[in-house]
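Peer 1: Test case, fold it:
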Amino acid sequence: MMFLSGADWIRAVILLFFLEGALYLLFPVAIQGYAVRILADAPVNKLRLFGILLLIIGFILWIVASNSLAGSGSAS
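Peer 2: Prediction:
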């Protein structure tokens, strides 16, 4: 089984942000309509839980990224 290094995870997250940004750039009206439909029916507690989950994932990625970048002293 092959595992991704910390730098690979960072690249994957950057690619995710890039693709999501491209969707917002190319289809802003469709994204806005979709977001309004989803958020109008979502209970506040679920939104808070989702926010906490994203915060925890972001914190973990930050720790992994800082550890992998601090450990890579040589340029490759």
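Peer 1: State the pLDDT value of the residue most central in space within the chain.
Peer 2: Centroid-nearest residue in the chain: Val13, 5.7 Å away (criterion: C-alpha atoms, centre = their mean). Here the pLDDT value assigned to Val13 is 83.
Peer 1: For the helix or strand harbouring it, list every residue counted as buried.
Peer 2: Using DSSP states H and E, Val13 sits in helix 6-26. Going by neighbour count (16 or more other C-beta atoms under 10 Å), the buried part of helix 6-26 is Gly6, Trp9, Ile10. For glycine as for every other residue, the C-beta is placed from the backbone atoms N, C-alpha and C.
Peer 1: list the contacts for the closest residue to the last one other than its chain neighbours?
Peer 2: This points to Ile10. Nearest-residue entry for Ile10: Ala65, 5.1 Å, with adjacent residues in sequence omitted and distances by C-beta to C-beta, 6 or more residues apart in numbering. With contact taken as C-beta atoms under 8 Å, 6 or more residues apart in numbering, Ala65 is in contact with Gly6, Trp9, Ile10.
Peer 1: Give the helix, strand or coil label for Ala65.
Peer 2: When classified by DSSP: H, G, I helix; E, B strand; the rest coil, Ala65 comes out as helix.
Peer 1: which of the contacts of Ala65 has the weakest pLDDT?
Peer 2: Across the contacts of Ala65, the bottom pLDDT score, 72, is held by Gly6.
Peer 1: What's the separation between the residue lying closest to that one once chain neighbours are set aside and Gly33?
Peer 2: Leaving aside its sequence neighbours, Gly6 sits nearest to Ser68 (C-beta to C-beta, 6+ apart; 2.4 Å). In this view, Ser68 and Gly33 are 39 Å apart by C-beta to C-beta, to the nearest Å.
Peer 1: More neighbours: which of those two?
Peer 2: Ser68 (15 against 11; other C-beta atoms under 10 Å).
Peer 1: The residue nearest to the centre of the chain contacts Leu61, correct?
Peer 2: Yes: applying C-beta atoms under 8 Å as the test, Val13 and Leu61 come out as touching, 6.3 Å apart.
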